[in-house]
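# Sequence first, predicted coordinates after that:
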Amino acid sequence: MVWKPSKPMVILSAIGTAVGGSLFIKEYTGGPIYENKTRADGKVVIITGANTGIGKETARELALRGATVVMACRDIQKCEKSRHEIVLESKNKYVYCRTCDLASLTSIRKFCERFKNEHKRLDILINNAGVMRCPLSRTKDGIETQLGVNHMGHFLLTNLLLDIIKASAPSRIINISSIAHKRGKINIEDLNSEKQYDPGEAYNQSKLANVLFTKELAKRLEGTGVTVNAVHPGIVDTEITRHMSFYNSSISAVFLKPFVKLFIKSPRKGAQTTIYVALDESLQNVSGKYFSNCKEEDVGPQGKEDVTAKWLWLVSEKWTKLNI
């Protein structure tokens with residue numbers, strides 16, 4: 001007598017195979033985990049946008065490794081909730097929430113002033129916060145929001161902290177960019193989207209600005225012991241997708257999201273390259289580079305334009321009133 005599996009068993013087996021296959025795909029496409037056990041005891045770290053997503057996972061990991069972590073966030077209530085979770089898990093009491101609204105140059109200046117009053121060193125600055133494909137809006141200083149938050153705010157923050165970063169050398173700056181920079185163009189004729197606005201193009205421009213800022217800053221920091229590198233975290237399931245109509249539509253939720261999620265990183269996986277670039281000893285003297293999946297990658301041709309990088313720096317100085 002030949003045994004034949006029952007229909008329910010066949011169905012359960014098929015479901016098990018599908019689930020197992022899905023988990024394998026998710027793990028494979030999620031990218032590597034930074035497994036080096038490098039500690040961060042005694043290091044002071046600032047992470048912008050650290051209350052959620054990649055920033056929160058980065059803050060959690062660095063706290064677990066012993067760093068003093070300053071979570072620079074716009075929403076202080078959300079920040080305190082995340083800080084509480086991180087402190088309980090890491091048993092590291094040196095995790096702090098500080099208000100920093102990257103859409104306000106005044107807020108950024110106040111944050112930097114307070115930080116310097118509270119801390120004597122800054123070993124790692126992680127410019128993580130960002131917005132993506134949002135409807136047309138302006139920062140409190142009149143800058144298109146994606147350009148203002150993703151680039152101009154971090155430009156000012158970094159420059160205001162350069163003195164303490166240099167004094168803490170060897171130290172590191174990490175700018176979170178995106179592979180979207182390869183589709184970007186610095187619109188010299190309409191940088192602030194006054195004539196027309198496309199959410200995708202504005203986002204790509206802001207991510208290219210991150211790469212060009214990294215390139216120019218690396219040149220200016222040569223010989224100081226401070227490195228600066230850009231990171232592409234991958235396509236990550238975070239709140240940054242909230243303005244993407246495709247990702248949030250009802251049709252997508254039912255038919256596409258379950259499939260697409262197989263190829264989207266979790267925030268923990270998305271934070272791995274940032275942690276690698278922040279801590280790995282092999283990168284102590286590496287600067288001006290671009291990393292993805294815990295390895296160096298080449299930037300798009302637009303990210304190699306010296307003239308554009310210098311032009312953007314001068315415009316950024318003017319718009320952020322850096323030298324006033």
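That came through fine.
# make it CA atoms for all contacts and neighbour counts henceforth
Will do.
# For the stretch 201-324 of the chain, give me the ranges with low pLDDT.
Where the stretch 201-324 of the chain drops to pLDDT under 70, the residues are 236-263.
# in it, which spans are helices?
Secondary structure of the stretch 201-324 of the chain (DSSP state H, counting those that start in this stretch): helices located at 245-248, 250-251, 257-260, 267-270, 272-279, 306-319.
# Could you list the alpha-carbon positions for the last one in PDB?
Coordinates of the C-alpha atoms in helix 306-319 are reproduced here as PDB (Å, rounded to 0.1, in the frame of the first residue of the first chain):
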ATOM      1  CA  ASP A 306      34.800  69.000  -8.500                       C
ATOM      2  CA  VAL A 307      33.500  72.200 -10.000                       C
ATOM      3  CA  THR A 308      29.900  71.400  -8.900                       C
ATOM      4  CA  ALA A 309      31.000  70.400  -5.500                       C
ATOM      5  CA  LYS A 310      32.800  73.700  -4.900                       C
ATOM      6  CA  TRP A 311      29.900  75.600  -6.300                       C
ATOM      7  CA  LEU A 312      27.400  73.800  -4.000                       C
ATOM      8  CA  TRP A 313      29.700  74.500  -1.000                       C
ATOM      9  CA  LEU A 314      29.700  78.200  -1.600                       C
ATOM     10  CA  VAL A 315      26.000  78.300  -2.100                       C
ATOM     11  CA  SER A 316      25.500  76.300   1.000                       C
ATOM     12  CA  GLU A 317      27.700  78.700   3.000                       C
ATOM     13  CA  LYS A 318      25.500  81.600   1.800                       C
ATOM     14  CA  TRP A 319      22.100  80.000   2.300                       C
END
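# tell me how far that helix is from the chain's mean position?
22 Å (Cα atoms, centre = their mean, to the nearest Å).
# what does it contact?
The contact list for helix 306-319 (Cα atoms under 8 Å, 6 or more residues apart in numbering) reads 152, 155, 156, 186, 209, 212, 213, 215, 216, 323.
# So which residue is dead centre in this structure?
Nearest residue to the geometric centre of the chain (Cα atoms, centre = their mean): residue 128, 3.1 Å.
# Enumerate every residue touching it.
47, 48, 49, 50, 54, 55, 175, 176.
# Of those, select the buried ones using a PyMOL command.
PyMOL command restricting the contacts of residue 128 to the buried ones, with burial defined by 16 or more other Cα atoms under 10 Å:
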select buried, resi 47+48+49+50+54+55+175+176
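# Name the SS class of the nearest residue to residue 271 once chain neighbours are set aside, please.
Leaving aside its chain neighbours, residue 271 sits nearest to residue 54 (5.1 Å; criterion: Cα to Cα, 6 or more residues apart in numbering). Put simply, residue 54 is helix when judged by DSSP: H, G, I helix; E, B strand; the rest coil.
# gap between residue 128 and residue 106?
Taking Cα to Cα, to the nearest Å as the measure, residue 128 falls 19 Å from residue 106.
# meant to ask about residue 90, not that
From residue 90 across to residue 106, the span is 33 Å (Cα to Cα).
# The two: which is more packed in?
Per other Cα atoms under 10 Å, whichever of residue 90 and residue 106 has more neighbours is residue 90, with 17 against 14.
# now the more buried one, nearest residue through space, not along the chain?
Nearest non-adjacent residue to residue 90, counting by Cα to Cα, 6+ apart: residue 64, 4.7 Å away.
# Using PDB, write out every CA atom in stretch 277-284.
Written as PDB, here are the backbone C-alpha positions of stretch 277-284 (Å, rounded to 0.1, in the frame of the first residue of the first chain):
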ATOM      1  CA  VAL A 277      31.900  53.000   8.500                       C
ATOM      2  CA  ALA A 278      31.700  54.600  12.000                       C
ATOM      3  CA  LEU A 279      33.700  51.900  13.800                       C
ATOM      4  CA  ASP A 280      35.800  49.600  11.600                       C
ATOM      5  CA  GLU A 281      39.500  50.100  12.300                       C
ATOM      6  CA  SER A 282      40.500  49.400   8.700                       C
ATOM      7  CA  LEU A 283      38.800  52.700   7.700                       C
ATOM      8  CA  GLN A 284      40.700  55.000  10.100                       C
END
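# Figure out how far it is from the centre of its chain.
With Cα atoms, centre = their mean as the basis, stretch 277-284 stands 17 Å off its chain's centre.
# same question, stretch 211-229
How far stretch 211-229 lies from its chain's middle: 17 Å, per Cα atoms, centre = their mean.
# Pull out the buried positions in it.
Buried, per 16+ other Cα under 10 Å, within stretch 211-229: 211-218, 221, 225-229.
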